[in-house]
Structures are given as C-alpha cells and as structure tokens.
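>>> model the following, please.
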Amino acid sequence: MTTSSTQTRKALSKIAQLRLQKELEEWHDPPVGFKHKVSDNLQRWTIEVSGAPGTLYANETYQLQVDFPEHYPMEAPQVIFVPPAPAHPHIYSNGHICLDILYDSWSPAMTVSSICISILSMLSSSTSKQRPPDNDLYVNKCRNGRSPKETRWWFHDDKV
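Numbers count the residues shown, from 1 in each chain. Next comes the predicted model:
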C-alpha cells in the first residue's frame, strides 16, 4: 500500500538509523505472536501478527506495515494493516488503525515491540468482529492515498 506520506518520505536521520538497528537486533527474539519479515529496507518493516489463542482472532494471521519517518523515534511511525485487515471496531478496511499511541499519545520511549503488543492487546480484547461504524465514509475519503497520520482521530472508546 502506498500513501502520500511514504511517497515523499525522507531518508532516516542517523539517530533513527541507530535506533532502528538496535530494535532490529532485539527482534531476533520477537514478542510472542509476531514475526518480522526480513528485508533490506530499514525504513519499512513488515510484521506478521498471529491472533492470540482463546480470542476472536485465534489461528488468524495478518500483516502490519510499519513505515518509519525521518525523525523516528521523536515522531511516531505509520502503522497499518496490509489488507485484508482484521474486522475490528478500531481497524478500517483499508488497514488504518485508530489507536492513540500511533498518534496523539506517541512517546519516543515506545518501540516497535510495544506498538505490536498494544495492537495485539487491542485485538485480543475485542468482543466482536465488525468494522467501525464510519468505515465506508472514512475509506472513501482515503482513496487518494491519504495517510492515517493526516486524520484527526477521536479517541473515545476505551473498552476495546
């Protein structure tokens, strides 16, 4: 999936490169339920997510695409599900994820591992497999490659 922000993204700063190389080393032993698909592109990671046992998403596998900005970790990465995205009240059919740590609540102390664990927790706590009520409207507005980082998210549901 190509978005406007990935088409014009700048090369990683030296700080971002060093941080990502360190995080990549830690992924030799990834969090349970995740697998990094190795490539030579440090700026874009593909991560396989396996649904946790005993949840609605058990035995299902999805892919996350993580695009790192020039000034990572001072700026949050863009994280989306590669379609087909899981049906979830906070995940749009185009793969965009409504999760505050990816936007307003980002902290440079967070890592790819902590993002993945938060996403798996969000999936695991869901009680229904359904799209957000405004899925069709939102996805139509994003048709021209709009990045989820260009969205003004309203974080109001702390149950899922």
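
>>> tell me which element the residue nearest to the spatial centre of the chain falls in.
Centroid-nearest residue in the chain, with CA atoms, centre = their mean: Val79, separated by 2.7 Å. Secondary-structure element containing Val79, defined by DSSP states H and E: strand 78-82.

>>> which parts of that strand are buried?
Neighbour counts using 16 or more other CB atoms under 10 Å place Gln78, Val79, Ile80, Phe81 of strand 78-82 among the buried residues. Every residue, glycine included, has its C-beta placed from N, CA and C.

>>> which element follows that strand toward the C-terminus?
Scanning forward in sequence from strand 78-82 by DSSP H and E, the next helix or strand is helix 112-124.

>>> not counting its own residues, what contacts whichever helix or strand comes after that following helix?
Next along the chain after helix 112-124, taking DSSP H and E as the criterion, comes helix 135-141. Contacts to helix 135-141, defined as CB atoms under 8 Å, 6 or more residues apart in numbering, come from residues Tyr92, Ser93, Asn94, His96, Pro132, Thr151.

>>> just give me how far helix 135-141 sits from the chain centre.
If you compare the mean C-alpha spot of helix 135-141 with that of the full chain, they lie 18 Å apart, counting by CA atoms, centre = their mean, to the nearest Å.

>>> start the count at 300, not 1, going forward
With 300 as the first residue, the last one maps to helix 434-440.

>>> mind listing what's buried in it?
Neighbour-count burial for helix 434-440 flags Asn434, Tyr437, Val438 (criterion: 16+ other CB under 10 Å).

>>> on that earlier part again, need the buried residues of strand 377-381 in a markdown table (columns: distance to Ser312).
Formatted as a markdown table, the entries for these read as follows, by distance: CB to CB, whole Å:
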| residue | distance to Ser312 |
| --- | --- |
| Gln377 | 16 |
| Val378 | 19 |
| Ile379 | 22 |
| Phe380 | 27 |
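
>>> how about JSON lines for these, with pLDDT and distance to Thr426 added?
As requested, those are exported to JSON lines (pLDDT from 0 to 100; distance: CB to CB, whole Å):
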{"residue": "Gln377", "pLDDT": "95", "distance to Thr426": "28"}
{"residue": "Val378", "pLDDT": "97", "distance to Thr426": "23"}
{"residue": "Ile379", "pLDDT": "95", "distance to Thr426": "23"}
{"residue": "Phe380", "pLDDT": "97", "distance to Thr426": "19"}
